[in-house]
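A.B. asks: Just a sequence and a predicted model for now, questions to come.
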Amino acid sequence: MTPLPPRFPIPAIVDQHVEVAMHLHGTRQVLLDAPHARLHQLARLDERMLAHLDGLMLAGVAGQRASDAALVPPFGGGEVFVATVLALEARDAARLERLLAVAEAAPDATPGLVAAFEWVSPQQLRGVTKALLDSPVPLRRAVGLQACAAHQVDPGAVLSAACQDADASLRAVAWRVVGVLGRTDLLPAAFLALTDEAPTVRFEAARAGVRLGDQEAAPAALRAVAEVTGPHREAALTAFLLQASPADAHALLKTLPADPAGERLRVRGAGWSGDPVYVPWLLQQMASPALARVAGEALSLIAGVDLADLDLDGPAPDASPSAANEEPGDDDVTLDADESLPWPHIERVALWWQAHGARFPAGTRHFVGQVPSKASLAAELAGGVQRHRVLAADLLVLLQPGSRLFNTAAPSHRQQRLLAAPSAM
């Protein structure tokens, strides 16, 4: 039998693998905090991503060259992600060194780099992560720490040292990792970090302190961040409200400003508080086109009602922000933050609440229709929408302070394996 001639990579197909993999990475980043995507949808995207990355690996040098050709400044997350995955899977130290240098020169490239470390298997990081943790360069140590957190590996004393490092960016990453890995031994140091000179460090230390079980200093620090305009306001408000008493939650929500941004945060915060006492007020907010969909989302977060499934949604009002942005000649091309949320039908939603509201006593925290428990939160991690899954992971830690935070951004096959294991929760 005549042997088949060797097959050579077809440049157009290799380029397509790179382009689609980069696009899928961008889509994946959006889905990780989407109000509609579930784990099974993330799994379908991940399968496509894996197929294109495998195609590039099979292409060998041609795949590496194609991914290198895409690395044209300004760097996007997708370009760096694809190139780093290929370098890690091929254990190509020289290529990885070049990519780390890119991240050092262009910080916007770092998220794509970190995402690649999260994507590959732990076996492909053997020796690589240790070299990063031993590096004198703060950014490299930060990447190493985030890789450890993504794979739920405790880096030991290296993490403790990073919390005290002279570099503020590294300190902030270190405190984020402390909260993810549940390092309760560092809680005393977290109290000291609440007065750090860097605002990001103070925020990350406060959030870590809450996850480690502190119920006084860390929540107070989170509240202070949530009360003022800043880059961490929304995350601090979320973290505070997930653990706050009804009275403390209400007091903070009242302090939010009466401007559009503050009103939106107040509506979302009502959902994060989990208190059914806000539902009648949320029904009123549904009359505002700017707030209707987030008010519906807040109701779903408290009562577990799926507006679309129960036919409680309706058409967009003529004056809705999304409708305005579709007008010809409109120069505002900003993506609608609520694009995937249903428009609540106010009358039908009100009738639903009238029929079912008695099941949700005011002053008792509810999450997606239930009082949070280990079982209900595990069920939400398995079957809930991604935005609820992120919150469920945090609530699960608050039930078991010092436990590790479930990684809702990990490759879907890894998440599914952990959720199927009895000890995962």
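C.D. replies: Good, I have the coordinates.
A.B. asks: The residue lying closest to Ala362 once chain neighbours are set aside: how many residues sit nearby?
C.D. replies: Here the nearest residue to Ala362 in space, its sequence neighbours aside, is Val277; by C-beta to C-beta, 6 or more residues apart in numbering that works out to 3.7 Å. For glycine as for every other residue, the C-beta is placed from the backbone atoms N, C-alpha and C. Neighbours of Val277 under the rule other C-beta atoms under 10 Å: 17.
A.B. asks: Same question for Arg211.
C.D. replies: Look at Arg211: counted by other C-beta under 10 Å, it has 29 neighbours.
A.B. asks: Provide a list of residues in contact with it.
C.D. replies: 179, 182, 394, 397-398, 401-402, 405 (C-beta atoms under 8 Å, 6 or more residues apart in numbering).
A.B. asks: Between those residues, which sits nearest Arg264?
C.D. replies: Looking at the contacts of Arg211 and their distance to Arg264, the nearest is Asp394, at 20.7 Å (C-beta to C-beta).
A.B. asks: Show me what counts as buried in the strand or helix carrying that closest one.
C.D. replies: According to DSSP states H and E, Asp394 maps onto helix 386-399. By neighbour count, and taking 16 or more other C-beta atoms under 10 Å as the criterion, the buried residues in helix 386-399 are 386-398.
A.B. asks: Ok, stretch 234-242 next?
C.D. replies: Of the residues in stretch 234-242, those with enough neighbours to count as buried (16+ other C-beta under 10 Å) are 234, 236-242.
A.B. asks: hmm, who's touching that stretch?
C.D. replies: Taking contacts as C-beta under 8 Å, 6+ apart, the residues outside stretch 234-242 that touch it are 203, 206-207, 210, 219, 222-223, 225-226, 248-249, 252-253, 265, 268-269, 272-273, 391, 394-395, 398.
A.B. asks: Now find how far off-centre that stretch is within its chain.
C.D. replies: 14 Å (C-alpha atoms, centre = their mean, to the nearest Å).
A.B. asks: for that stretch, what is the average pLDDT?
C.D. replies: Averaged over stretch 234-242, pLDDT sits at 98.
A.B. asks: Mind jotting down where the strands sit in the chain?
C.D. replies: 313-314, 343-344 (DSSP state E).
A.B. asks: quick one: strands adjacent to the last one?
C.D. replies: Read that as strand 343-344. Listed by DSSP bridges, the sheet partners of strand 343-344 and their directions read strand 313-314 (antiparallel).
A.B. asks: Need the contact partners of the strand it pairs with.
C.D. replies: Outside of strand 313-314, the residues within contact range by C-beta under 8 Å, 6+ apart are 296, 307, 342-345, 348.
A.B. asks: switch the cut-off to 6 Å
C.D. replies: Outside strand 313-314, the residues within contact range by C-beta atoms under 6 Å, 6 or more residues apart in numbering are 307, 342-343, 345.
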